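> Requesting a structural model of the entry that follows:
(one chain, ligands or ions: 1)
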Amino acid sequence: MTSQGYLSELFSLDGRVALVTGGSSGIGRAVAGALARAGAAVVVLARKEPQLKETAEELTEQGCRAGWVSGDLGTRTGVRAAADAAAAVFGEPDILVNCAGVNLRPPMAELDERVWDTTMAVNLEAPFLLGQRFGPGMAERGYGRIIHVTSQQAHRAFVHSGAYGVSKGALESLARSQAEAWSPYGVTCNTLVPGFVPTPLNARLSSDPEKVAALAARTLVGRNGLAGDFAGAAVFLAGPGSAYVTGQSIFVDGGFSVH
Ligand SMILES: NC(=O)c1ccc[n+]([C@@H]2O[C@H](COP(=O)([O-])OP(=O)(O)OC[C@H]3O[C@@H](n4cnc5c(N)ncnc54)[C@H](OP(=O)(O)O)[C@@H]3O)[C@@H](O)[C@H]2O)c1
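You can find the predicted model right below:
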């Protein structure tokens with residue numbers, strides 16, 4: 001067997017369909033691109049159409065299969081409608097990446113019910129509902145990969161973690177519950193845990209050079225994350241080679257969490 005053939009057995013996503021929420025920006029966009037280049041037909045899902053269109057067009061120009069769906073994951077009806085629309089593009093997904101997220105972190109005493117509800121809806125409830133929508137079908141077909149994107153704040157308090165940290169901690173628990181339910185049927189469920197990655201999500205923090213440098217110094221690698229740093233781990237978790245990895249939280253953070 002050629003090395004190419006061996007690598008394909010481990011990592012190829014040819015013939016698979018992937019849905020990436022938040023796939024129009026930052027980490028999600030890089031993950032969507034990685035899965036598409038590894039062979040999957042990818043649907044990106046978020047709200048803003050121009051970014052979605054641009055992402056899908058860029059991948060299509062590179063010879064990938066890519067489509068997009070605009071939907072709001074902040075409401076239950078929005079999630080249901082978006083899930084149906086996404087499945088209509090290339091068929092029911094074999095790979096679900098829950099990367100859409102919001103980062104509303106007022107100081108604890110100012111954290112009101114609106115911030116709590118929005119955070120839980122997008123960061124936790126949408127991944128749960130999408131799992132309920134697609135997990136059983138994956139199990140029935142005998143192959144599935146659910147990948148959530150959490151945060152170091154699932155593990156420790158950090159700069160007003162507030163509701164955000166709670167949502168991410170619960171999301172890692174959700175991954176374990178899903179893993180318990182569906183791993184016997186070929187569906188693995190894991191989370192990717194970023195450190196600090198300058199993206200539109202944290203525009204305010206990433207525009208402060210001193211804070212950015214201080215965060216880089218806390219890693220072992222010596223720099224902050226890039227969206228592209230998630231490509232390899234995402235392809236691994238989406239592909240056949242990770243069949244025995246489930247219920248895990250995989251830190252892609254340059255060593256931030258162990259320093
Ligand atoms: N960047 C970091 O340092 C970092 C650290 C730890 C964890 N994370 C996590 O990584 C994930 C991606 O973050 P990022 O930094 O790449 O952020 P980003 O560039 O701001 O991307 C967020 C994505 O989520 C989508 N989104 C937000 N609200 C939505 C809604 N109601 N319905 C549908 N889509 C929605 C956005 O698109 P629209 O606005 O068009 O809807 C966008 O595509 C998040 O879950 C975040 O919590 C990031």
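> mind listing what the residue of the stretch 101-250 of the chain found nearest the ligand touches?
Nearest residue of the stretch 101-250 of the chain to the ligand, counting by CB to the nearest ligand atom: G101, 2.3 Å away. Any C-beta I mention is one placed from the backbone N, CA and C, and that applies to glycine too. By CB atoms under 8 Å, 6 or more residues apart in numbering, the residues touching G101 are 22, 122-123, 149, 201.
> And the pLDDT at it?
What the model reports as pLDDT for G101 is 98.
> Give the helix, strand or coil label for it.
For G101, the assignment made with DSSP: H, G, I helix; E, B strand; the rest coil gives coil.
> do the same with A30
helix.
> Look up how far the ligand lies from it.
8 Å (CB to the nearest ligand atom, to the nearest Å).
> My guess is that residue contacts A231. True?
Yes. Judged on CB atoms under 8 Å, A30 makes contact with A231 at a distance of 5.9 Å.
> who's more crowded, the two?
A30 (22 against 19; other CB atoms under 10 Å).
> Quick one: residues contacting the more buried one.
226-228, 230-231.
> Any chance of a PyMOL selection covering the buried ones in the contacts of G101?
Only the buried entries of the contacts of G101 go into this PyMOL selection, using 16 or more other CB atoms under 10 Å:
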select buried, resi 22+122+123+149+201
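> For the contacts of G101, point out the one with the lowest pLDDT.
Per-residue pLDDT puts L201 lowest of the contacts of G101, at 91.
> does any bit of the lowest-mean-pLDDT helix or strand in the chain sit next to the ligand?
Among the helical and strand segments of the chain, the one scoring lowest on mean pLDDT, DSSP states H and E is helix 203-206, with a mean of 88. No. Helix 203-206 does not reach the ligand (CB under 6 Å from any ligand atom); its nearest approach is 8.1 Å.
> now do stretch 186-198
Yes. Applying CB under 6 Å from any ligand atom, one finds stretch 186-198 touching the ligand at 194, 196-197.
> Sort out which of these are in strands and list them.
P194 (DSSP state E).
> Pipe the residues of stretch 186-198 next to the ligand into CSV and attach neighbour count per row.
What follows is the residues of stretch 186-198 next to the ligand, written out as CSV (neighbours: other CB atoms under 10 Å):
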residue, neighbour count
P194, 24
F196, 24
V197, 22
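> Reformat the residues of stretch 186-198 next to the ligand as a markdown table; add pLDDT.
Output for the residues of stretch 186-198 next to the ligand, formatted as a markdown table (pLDDT from 0 to 100):
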| residue | pLDDT |
| --- | --- |
| P194 | 98 |
| F196 | 96 |
| V197 | 97 |
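> where does the stretch 51-200 of the chain come near the ligand, residue by residue?
Residues of the stretch 51-200 of the chain lying near the ligand (CB under 6 Å from any ligand atom): 51, 72-74, 99-103, 122, 149, 151, 194, 196-197, 199-200.
> Please determine how far the residue nearest the centre of the chain is located from V235.
Geometric centre of the chain, nearest residue: C99, 2.9 Å, by CA atoms, centre = their mean. From C99 across to V235, the span is 14 Å (CB to CB, to the nearest Å).
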